[in-house]
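>>> Model the structure of this input:
(4 chains)
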Protein chains: 2
Amino acid sequence: MSDAADQIFATLKHQAQSGAPLYLQLRKSIEDAVNRGLIGPGDALPSERDIATKADISRVTVRKAVQDLVKGGILVQRHGSGTFVAPRMERVEQSLSRLTSFTEDMARRGMAVRSAWLDRGLYAPSPDEMMVLGLSSSELVARVARLRIANDTPLAIERASLSASVLPDPADIGSSLYAALELTGNRPVRAVQRISAANLGDSDARLLEVPPGIAGLHIERISYLASGKVIEFTRSIYRGDAYDFVAELRLTGPSEEGRP
Amino acid sequence: MSDAADQIFATLKHQAQSGAPLYLQLRKSIEDAVNRGLIGPGDALPSERDIATKADISRVTVRKAVQDLVKGGILVQRHGSGTFVAPRMERVEQSLSRLTSFTEDMARRGMAVRSAWLDRGLYAPSPDEMMVLGLSSSELVARVARLRIANDTPLAIERASLSASVLPDPADIGSSLYAALELTGNRPVRAVQRISAANLGDSDARLLEVPPGIAGLHIERISYLASGKVIEFTRSIYRGDAYDFVAELRLTGPSEEGRP
DNA sequence: CCAGAACAATACCAAAAAAATACCACTTGT
DNA sequence: ACAAGTGGTATTTTTTTGGTATTGTTCTGG
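Residues are numbered from 1 along each chain as shown, chains lettered A, B, ... in the order given. Next up is the predicted model:
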């Protein structure tokens, strides 16, 4: 039981010289212990008095730190009972891959899917692309843009940019960009995706066959190789009225009393 | 904490020979540190006394430099509290894996967060709610609605519906709905979330202080108990121009994702 | 040279945050 | 019912923060 507590105090002592306010040091120690999984959701913290005694600070100071974390939803307190780590939402992993796979997702809904090419070619990189893909102005960028269509209704515009070195001939892409990358041995292992909302511009709205100004989902994805290098940079625009992104979240349960 | 400070002093020493007035040198140093992003919006500067001591100049001189920047809107001072880099309106992002911790997430960016209650009460359930929550028409539904505000800018509207049996008194919710549920022993273990885009209606736009018709992110979340029963049903609307949802994806991993 | 302005330093004031003390109220196990 | 242990709260003291008035010092222009 005290191993979790000791972890808190260990990191606490470690930053004792920092000069920062005591309650901030303690708050960080507890936060770290939670984020590192040393104390899991549902686990009890040592009592405020215990922490105060062991850390040799006043209980009110301990309380200040704890209350901050309670306000932030990280801890939960029960009067007369104790202080516990609050449950936390975590994304379940299978849903992640589902986020990327447009074709699969549509097929699951029984929709006939096809794509129309808007663009496939090599260009001089834009400043944006140079920055993100790490290109010099003398290198070329491969741009692949297509319109995603389900049941004869245009649903999304996808515009991908890649270094020409990994996709020398954009025209020979089959149905899957990732399959083409696989062939050249450039397989992304990680991607970061931003989802935001924006009103559709005139040209995009025309392609998606909706009135301009309608809300659309704007998704920007940056894919990384195992080496950490950026390989792909995709900006997609989805019709807001016709597509939902579904994420399944899992709330971590109380950790078993056994050792992790 | 001293890394930001050191950056200030580094550039300060660098121009020490310039012969320019001390307060101008210092002002430029601070200004550069801010513009280069070494110290971001919301970050605290070292105290006037700290700067004075470390730079070996009088506190009043430090003050002269700081006040210039305050007048220019670059810094903000709070009596008894400290000097801070003025907040800029920028797009905020939230990771999909931490959807529940709005407060924590914002606080980490140095934004002053608060919520305004729009509604907390018990009502007869709407057909929607009866369907999703599995209520009969004789049961009551607890509705909790709030406006999420960061730096005095409204960012999101959250409307949650729960069975009154799990939240008999909606008025006593603290900052975290999940914390309140934890207290009553109703712990959700799973949630499904849909993200879509929609144009904001008049009333929502008014609450978020944007023109009607602007694109917003519409998020619908249904949380389940371990028993499979639906416990919570939340509809959130985020300002599309001020909020990003970020998801980190792992692609096609034969990797055995072990321990986070 | 000498005003006058800009600059810089000293000393003290006021507000806020941080920390400590003492006491209250709820929960739990016997 | 009780006692021990828990979090909850009010109040005070100390420390740290920015705010201000005053004085000395240096540069500048006539």
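>>> A:A124: how many residues sit nearby?
12 (other CB atoms under 10 Å in any protein chain shown). Glycine gets a C-beta too; all of them are placed from N, C-alpha and C.
>>> so what's the closest residue to it other than its chain neighbours up against?
Excluding the flanking residues, the one nearest A:A124 by CB to CB, 6 or more residues apart in numbering or on different chains is A:L140, at 6.8 Å. By CB atoms under 8 Å, 6 or more residues apart in numbering or on different chains, the residues touching A:L140 are A:122-125, A:164.
>>> quick one: which of those has the most company?
A:P125 (23 neighbours).
>>> from what I can see that one touches A:V132, true?
No - A:P125 is beyond contact range of A:V132, at 9.5 Å (criterion: CB atoms under 8 Å).
>>> So A:Q7 versus DNA strand D, what's the distance?
17 Å (CB to the nearest atom of the strand, to the nearest Å).
>>> ok, now which ones touch that residue?
A:Q7 is in contact with A:33, A:36, A:38-39, counting by CB under 8 Å, 6+ apart.
>>> Which members of these are the farthest-apart pair?
By the measure CB to CB, A:R36 and A:I39 form the most distant pair in the contacts of A:Q7, at 8.8 Å.
>>> Neighbour count for the two, which is higher?
Using other CB under 10 Å, the more surrounded residue of A:R36 and A:I39 is A:I39, with 23 against 10.
>>> so that one, which of the three states?
coil (DSSP: H, G, I helix; E, B strand; the rest coil).
>>> Dihedrals phi and psi, it?
Main-chain torsions, A:I39, degrees, to the nearest 10: phi -130, psi 120.
>>> Touching, it and A:V85? I think so.
Yes - here A:I39 reaches A:V85: they are 5.5 Å apart, a contact under CB under 8 Å.
>>> Can you tell me which one of the contacts of A:Q7 carries the smallest pLDDT value?
By pLDDT, A:R36 ranks lowest within the contacts of A:Q7, coming in at 81.
>>> show me the contacts for that residue.
A:Q7.
>>> And it, how far from B:A171?
Using CB to CB, to the nearest Å, A:R36 is found at 36 Å from B:A171.
>>> same deal with A:I222?
For A:I222, the distance to B:A171 - CB to CB - is 44 Å.
>>> Of those two, which one has the most company?
A:I222 (17 against 11).
>>> helices or strands next to the helix or strand encompassing A:R143 in the packing?
Assigned by DSSP states H and E, A:R143 belongs to strand A:141-150. Judged by 3 or more CB pairs under 8 Å, 6 or more residues apart in numbering or on different chains; DSSP states H and E, strand A:141-150 is in contact with strand A:113-123, strand A:153-163.
>>> want to try TSV for those strands, with distance to A:Q77 as columns?
Output for those, formatted as TSV (distance: least, CB to CB, whole Å):
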stretch	distance to A:Q77
strand A:113-123	51
strand A:153-163	46
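>>> circling back: between A:I39 and A:V85, what contacts are shared?
With contacts defined as CB under 8 Å, 6+ apart, the residues shared by A:I39 and A:V85 are A:L45.
>>> I'd assumed A:L207 was in contact with A:P154.
Yes - here A:P154 reaches A:L207: they are 6.3 Å apart, a contact under CB under 8 Å.
>>> Dump the one helix or strand A:A180 maps to to PDB, keeping only the CA atoms.
Element membership for A:A180, per DSSP H and E: helix A:177-183. C-alpha atoms of helix A:177-183 as PDB (Å, rounded to 0.1, in the frame of the first residue of the first chain):
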ATOM      1  CA  LEU A 177      -2.400   5.200 -51.000                       C
ATOM      2  CA  TYR A 178      -1.100   3.100 -48.200                       C
ATOM      3  CA  ALA A 179      -0.800   0.100 -50.400                       C
ATOM      4  CA  ALA A 180       1.400   2.100 -52.700                       C
ATOM      5  CA  LEU A 181       3.600   3.200 -49.900                       C
ATOM      6  CA  GLU A 182       3.900  -0.300 -48.700                       C
ATOM      7  CA  LEU A 183       5.400  -1.300 -52.000                       C
END
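>>> Just the residues contacting it, thanks.
With CB under 8 Å, 6+ apart, helix A:177-183 has contacts from A:144, A:160, A:162, A:166-167, A:172-174, A:187-188, A:231-232, B:251-252.
>>> For that helix, buried residues please.
Neighbour counts over helix A:177-183 (16 or more other CB atoms under 10 Å in any protein chain shown) mark A:177, A:180-181 as buried.
>>> now swap in stretch A:45-64 and tell me
A:45-46, A:48, A:51-52, A:54-55, A:57, A:61-64.
>>> Same check on stretch A:205-219?
Buried residues in stretch A:205-219 (16+ other CB under 10 Å): A:205, A:207-208, A:210, A:214-219.
>>> Need the residues that contact that stretch.
By CB under 8 Å, 6+ apart, stretch A:205-219 touches A:118, A:147, A:153-157, A:193-202, A:204, A:234-241, A:243, A:245, B:195-199, B:213-217, B:240.
>>> Quick check: mean pLDDT of that stretch?
Across stretch A:205-219, the average pLDDT comes to 90.
>>> before we move on, what about stretch A:191-202?
Mean predicted confidence for stretch A:191-202 is 84.
>>> Stretch A:124-134 now?
On average, stretch A:124-134 scores 86.
>>> What lies in contact with that stretch?
A:135-137, A:139-141, A:161-163, A:222, A:229-231, A:233.
>>> Next, format the buried residues of helix A:177-183 as a markdown table and append pLDDT and distance to A:K28.
Shown next, in a markdown table, are these (pLDDT from 0 to 100; distance: CB to CB, whole Å):
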| residue | pLDDT | distance to A:K28 |
| --- | --- | --- |
| A:L177 | 78 | 43 |
| A:A180 | 79 | 46 |
| A:L181 | 80 | 41 |
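>>> how many neighbours does the closest residue to A:L217 other than its chain neighbours have?
Of all residues not flanking A:L217 in the chain, A:Y238 sits nearest, at 4.1 Å (CB to CB, 6+ apart). Counted with other CB under 10 Å, residues neighbouring A:Y238 total 24.
>>> and the helix or strand hosting A:Y238, how far from the chain's centre?
Following DSSP H and E, one finds A:Y238 within strand A:230-239. Taking CA atoms, centre = their mean, to the nearest Å, one finds the center of strand A:230-239 at 15 Å from the center of the full chain.
>>> So in that sheet, which strands flank it, and in what orientation?
strand A:153-163 (antiparallel), strand A:215-225 (antiparallel) (DSSP bridges).
>>> As a markdown table, those with distance to A:R78 would be great.
Formatted as a markdown table, these follow (distance: least, CB to CB, whole Å):
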| stretch | distance to A:R78 |
| --- | --- |
| strand A:153-163 | 48 |
| strand A:215-225 | 41 |
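>>> Quick check: which of those is buried the most?
Of all those, strand A:215-225 carries the top mean neighbour count, a mean of 22, counting by mean count of other CB atoms under 10 Å in any protein chain shown.
>>> send the alpha carbons of it over as PDB?
Extracted C-alpha coordinates of strand A:215-225, given in PDB (Å, rounded to 0.1, in the frame of the first residue of the first chain):
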ATOM      1  CA  ALA A 215     -20.300  23.300 -42.000                       C
ATOM      2  CA  GLY A 216     -17.700  20.700 -42.900                       C
ATOM      3  CA  LEU A 217     -15.300  18.600 -41.000                       C
ATOM      4  CA  HIS A 218     -11.800  19.600 -41.700                       C
ATOM      5  CA  ILE A 219      -9.300  16.800 -40.900                       C
ATOM      6  CA  GLU A 220      -5.600  17.200 -41.100                       C
ATOM      7  CA  ARG A 221      -3.400  14.100 -40.800                       C
ATOM      8  CA  ILE A 222       0.300  13.800 -40.500                       C
ATOM      9  CA  SER A 223       1.800  10.300 -40.800                       C
ATOM     10  CA  TYR A 224       5.100   9.200 -39.500                       C
ATOM     11  CA  LEU A 225       7.500   6.400 -40.400                       C
END
